[in-house]
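Q: Predicted coordinates and the sequence they were generated for:
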Amino acid sequence: METKNQTKVTVEPGKQELFITREFEAPRELVFKAFTDPELLVRWLGPCELTMTIDRYEPGSGGQWRFIHIDPHGNAFGFHGVNHEVEAPERIIRTFEFEGLPEKGHVVLETAKFEPLGSNRTRVIIQSVFQSVADRDGMVQSGMERGVTESHESLDQLFEEIMIN
């Protein structure tokens, strides 16, 4: 599917952070809902070949979450974290940890900001701060950009379906 909005991942050498920027053809309230409603999350989050299930999801400030992505061979990949601040429809601050790393403690702090661009467009800017440059570089090398891009393309399709109905 060709999309006019492209996902941009900004990775500056030597820094412990990266930025993901994307615009969507949907109002800010709907975009925020897609990031916080478990029924919508499972429809768009993750690479296309994976199926997502939600083990736990408490969407408010202080709530915990755990998602599981399953590949076509039945391999499961878990991710978990805590929502530090959920301020609808402006911001989500949460931690993110991939459970597949050999040692624990590779926690990422993510801040997602939802900026309205008129009544039916929204820019999402996600800042991910890693504990080290090596952690950040490892995430980038893992193919995360492809997963994020595919997720955003699925989200575009979801918005089209919702706004048509």
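A: The structure has been received and is ready for your questions.

Q: those helices in this structure, which residues are they?
A: Secondary structure of the chain (DSSP state H): helices located at 28-36, 38-44, 133-141, 144-164.

Q: neighbouring contacts of stretch 22-30?
A: The contact list for stretch 22-30 (C-beta atoms under 8 Å, 6 or more residues apart in numbering) reads 5-8, 31, 34, 88-89, 114-117, 119-124, 152, 155-156, 159, 162-163. Placement of C-beta: from N, CA and C, glycine included.

Q: So in that sheet, which strands flank the strand ranked longest in the chain, and in what orientation?
A: Longest strand of the chain, by residue count under DSSP state E: strand 76-87. According to DSSP bridges, strand 76-87 forms sheet pairs with strand 64-70 (antiparallel), strand 91-98 (antiparallel).

Q: could you say what helices and strands the lowest-mean-pLDDT helix or strand in the chain packs with?
A: Within the chain, no helix or strand scores below helix 133-141, which has a mean of 92 by mean pLDDT, DSSP states H and E. If you count contacts as 3 or more C-beta pairs under 8 Å, 6 or more residues apart in numbering; DSSP states H and E, helix 133-141 packs onto strand 17-24.

Q: Note down every partner strand of the strand it packs on and its orientation.
A: According to DSSP bridges, strand 17-24 has the following sheet partners: strand 8-10 (antiparallel), strand 122-129 (antiparallel).

Q: Buried residues in that strand, which are they?
A: For strand 17-24, the neighbour count (16 or more other C-beta atoms under 10 Å) marks Glu17, Leu18, Ile20, Thr21, Arg22, Glu23, Phe24 as buried.

Q: can you redo these as a markdown table with pLDDT and distance to Gly62?
A: Formatted as a markdown table, the buried residues of strand 17-24 follow (pLDDT from 0 to 100; distance: C-beta to C-beta, whole Å):
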| residue | pLDDT | distance to Gly62 |
| --- | --- | --- |
| Glu17 | 97 | 24 |
| Leu18 | 98 | 26 |
| Ile20 | 98 | 24 |
| Thr21 | 98 | 27 |
| Arg22 | 98 | 27 |
| Glu23 | 97 | 30 |
| Phe24 | 97 | 27 |
